[in-house]
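**Student:** Mind folding the following:
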Amino acid sequence: MSHQSDPDQRRARRRAHHERFVLEIKTECAKPGTRSKLRRGLGKDVDEVPSMHEIVAPWLPEHRSRESERAYYAVASMIADRPRHSSDSSSRDAEPPESTVARSENEPDEKTASPYGVSLGATLAQAVFAAAPHERERRIAGTRRRLDILVRQSTSGLHRYLPSSVRFLRQCEVEPDWAQLLTDLTFWPDYAGDIGRRWQQDYFRLLHKADWDRADRDDFAVSLRGAVSPDSPTGD
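**Tutor:** Numbers count the residues shown, from 1 in each chain. The predicted model follows:
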């Protein structure tokens with residue numbers, strides 16, 4: 001029997017655990033006092049937020065690094081850092097085609113299943129699509145600048161810059177894939193280059209895929225108009 005399924009199973013279990021954690025934190029955020037406790041952790045180290053232990057600590061893996069702990073606390077605080085009136089379902093006025101979004105563990109593509117959820121790079125690209133057409137060039141410049149800054153950061157720097165980027169996404173009515181962001185933060189100390197490269201690749205892949213799809217639609221419309229043109233031969 002192949003051992004190839006072993007890492008896949010671990011990845012699937014980790015994803016399921018992270019999704020349950022995210023759901024629990026969102027449920028806790030419905031309680032005003034608890035939400036305030038979680039928001040205090042924005043950009044802070046684990047030792048600076050003892051009020052969060054009661055909520056976050058039960059979800060920590062038994063075998064973990066300090067940076068893994070910090071990832072859980074950071075994601076919990078960013079989930080809590082949202083306007084009180086906002087809902088968990090983000091509207092995406094102009095979401096890119098489904099095929100351009102990185103798929104989750106159990107959503108196979110035509111050729112192969114992606115081992116990742118939606119990366120932060122893909123989410124920044126979604127923020128571009130959420131902008132009105134006349135604002136997209138400016139949105140592209142802003143999201144690219146943010147992405148360039150994020151992928152160059154050390155672990156501490158990433159934790160420092162992420163909250164403002166998440167606020168920006170929410171202003172664009174786009175929500176990160178929290179479970180995937182938790183995974184990426186957990187592995188950032190050892191795999192920052194790989195994760196940062198994936199964020200950048202996802203970002204540009206979505207933008208260019210949308211451009212190509214638009215060009216294909218335009219070409220098809222032109223060919224269709226040519227097919228029904230009065231000057232076209234009718235065969236009579």
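**Student:** I'd assumed residue 187 was in contact with residue 155.
**Tutor:** No: under the criterion of C-beta atoms under 8 Å, residue 155 lies out of contact with residue 187, with a separation of 10.3 Å. Heads up, the C-betas are built off the backbone N, CA and C, glycines and all.
**Student:** and residue 161, what is it in contact with?
**Tutor:** Contacts for residue 161 (C-beta atoms under 8 Å, 6 or more residues apart in numbering) come out as 149-150, 153.
**Student:** measure residue 192 to residue 172 for me?
**Tutor:** Distance from residue 192 to residue 172, counting by C-beta to C-beta, to the nearest Å: 25 Å.
**Student:** So between those two, which is more surrounded?
**Tutor:** Neighbours around residue 192 and residue 172, counted as other C-beta atoms under 10 Å, are more numerous at residue 172. The numbers are 22 against 17.
**Student:** Of the contacts of residue 161, grab the buried ones for PyMOL.
**Tutor:** Here is the PyMOL command that selects only those of the contacts of residue 161 that count as buried (16 or more other C-beta atoms under 10 Å):
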select buried, resi 150+153
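**Student:** Just put the contacts of residue 161 in TSV and tack on secondary structure.
**Tutor:** Below are the contacts of residue 161 laid out as TSV (DSSP: H, G, I helix; E, B strand; the rest coil):
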residue	secondary structure
149	helix
150	helix
153	coil
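**Student:** now the contacts of residue 161 in JSON lines, with pLDDT and distance to residue 82?
**Tutor:** Written out in JSON lines, the entries for those read as follows (pLDDT from 0 to 100; distance: C-beta to C-beta, whole Å):
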{"residue": "149", "pLDDT": "97", "distance to residue 82": "22"}
{"residue": "150", "pLDDT": "98", "distance to residue 82": "20"}
{"residue": "153", "pLDDT": "97", "distance to residue 82": "23"}
